[in-house]
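*Asks:* this is a predicted model, with the sequence first.
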Amino acid sequence: MSVLATLAHAALFTVFLWWFTTGAILYLDGLPRRTFRWSMVAVTVALFAALQILWETRNDTSVWGAYIAFGCAIIAWGWNEMAFLMGYVTGPRNTPCPPGAAGFDRLRFATETVIWHEIAIAVTALAIFVVTADGANRVGFNAFAILWVLRLSAKINVFLGVRNLSEEFLPKHLRYLESYFCRRDTLNPVFPISVTATTVLATILAIQMLDPKATAFDATASALLMTLTVLALLEHWLMVLPVSATVLWKWGLASHNQPEPIPDPGPPGTLPTVVAFPQQTLHSASTTVPRRRP
């Protein structure tokens, strides 16, 4: 297979996984919370299956072995994203940032909102390392490590301030995280370092892919990892450019736009029931129905 064919296949596979899994997770975490347990059960089964497959393919240095290991890493990463966005693995602080908090205190408070999530990612990375440590196929661990480091870079940039904070990707039960973002700004001092380092990594992987001595497995692995790095680089640039990434996952965000349940007080002396009405209907009703006197 030529280098161009290897790159084309790897790029299509990686872009599809990136786009589809992100949209699917966004859709699931926007559904009613009673569905979360079933989503987490399904993805947890998938996580353990992925770890098992990574162990079984740890010495598979075929082209398919690279694709399988890469896909398993995406599943493992998806488990951590779902566990966080659904509120199962976040941190001990789940309230808005205290007014007036700044500097180190603000950083400490923000860390407390996500620390369990970060620990879970580290534990998952360790598990992938353990099951693949004595094998020749390290694509799964390398892919997960890239996701981990570059997502941490993105979180730091969002905390320090960027043009697009992507708060629309947060489900309703995590909206308190917005209060920890320092400000909305066009740029911050860390951003140039982040994009430069990511560009260097993508370049190194491209050089490895183009190496005439590279085997089909090595070229495929480098192509997969390079595409993943380029997508992470794109996500960084989308944070500062005057464009929104929401259009890419409009279908996934559809579940986030459902009307809020509104409590109905009912007759005096009864417990309230919950019904869902569009906001505009409630507004018009409040202007036409007189308030009941006690």
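*Replies:* Good, I have the coordinates.
*Asks:* count the neighbours of residue 114 for me.
*Replies:* By other CB atoms under 10 Å, 18 other residues sit near residue 114. All C-beta spots, glycine's among them, are computed from the backbone N, C-alpha and C.
*Asks:* what's the answer for residue 134, then?
*Replies:* Neighbourhood size, residue 134 [other CB under 10 Å]: 9.
*Asks:* next one: residue 179
*Replies:* 16.
*Asks:* what's the distance between it and residue 100?
*Replies:* 12 Å (CB to CB, to the nearest Å).
*Asks:* what do those two both touch?
*Replies:* In terms of CB atoms under 8 Å, 6 or more residues apart in numbering, residue 179 and residue 100 are not both contacted by any residue.
*Asks:* pLDDT weak spots in the stretch 151-294 of the chain?
*Replies:* 182-183, 258-294 (pLDDT under 70).
*Asks:* what about the helices in it?
*Replies:* Counting by DSSP state H, counting those that start in this stretch, the stretch 151-294 of the chain has helices at residues 191-210, 216-238, 250-253, 279-288.
*Asks:* what's the closest of the ones you listed to residue 147?
*Replies:* Closest to residue 147 of the helices of the stretch 151-294 of the chain, according to CB to CB: helix 216-238, at 7.2 Å.
*Asks:* same for that closest one, what does it pack against?
*Replies:* Identification of packing neighbours for helix 216-238 by 3 or more CB pairs under 8 Å, 6 or more residues apart in numbering; DSSP states H and E yields helix 3-29, helix 63-85, helix 139-160, helix 191-210.
*Asks:* for those helices, give me a markdown table that also has mean neighbour count.
*Replies:* A markdown table is the format used below for the helices and strands packed on helix 216-238 (neighbours: other CB atoms under 10 Å):
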| stretch | mean neighbour count |
| --- | --- |
| helix 3-29 | 17 |
| helix 63-85 | 22 |
| helix 139-160 | 20 |
| helix 191-210 | 16 |
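*Asks:* now for those helices, which one comes closest to residue 108?
*Replies:* helix 139-160 (11.9 Å).
*Asks:* could I have the CA atoms of that closest one written out in CSV?
*Replies:* Taking Å, rounded to 0.1, in the frame of the first residue of the first chain, the C-alpha atoms of helix 139-160 are listed here in CSV:
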residue,chain,number,x,y,z
VAL,A,139,-0.6,2.1,19.3
GLY,A,140,-3.4,2.0,21.9
PHE,A,141,-1.3,3.4,24.7
ASN,A,142,0.2,6.1,22.4
ALA,A,143,-3.2,7.2,21.2
PHE,A,144,-4.6,7.4,24.7
ALA,A,145,-1.5,9.4,25.9
ILE,A,146,-1.9,11.9,23.0
LEU,A,147,-5.6,12.4,23.9
TRP,A,148,-4.7,12.8,27.6
VAL,A,149,-1.9,15.4,27.1
LEU,A,150,-3.6,17.4,24.5
ARG,A,151,-7.0,17.5,26.2
LEU,A,152,-5.2,18.7,29.4
SER,A,153,-3.7,21.4,27.2
ALA,A,154,-7.1,22.4,26.0
LYS,A,155,-8.5,22.5,29.6
ILE,A,156,-5.7,24.8,30.7
ASN,A,157,-6.3,27.2,27.7
VAL,A,158,-10.0,27.3,28.5
PHE,A,159,-9.3,28.0,32.1
LEU,A,160,-7.0,30.9,31.3
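*Asks:* understood, closing this out.
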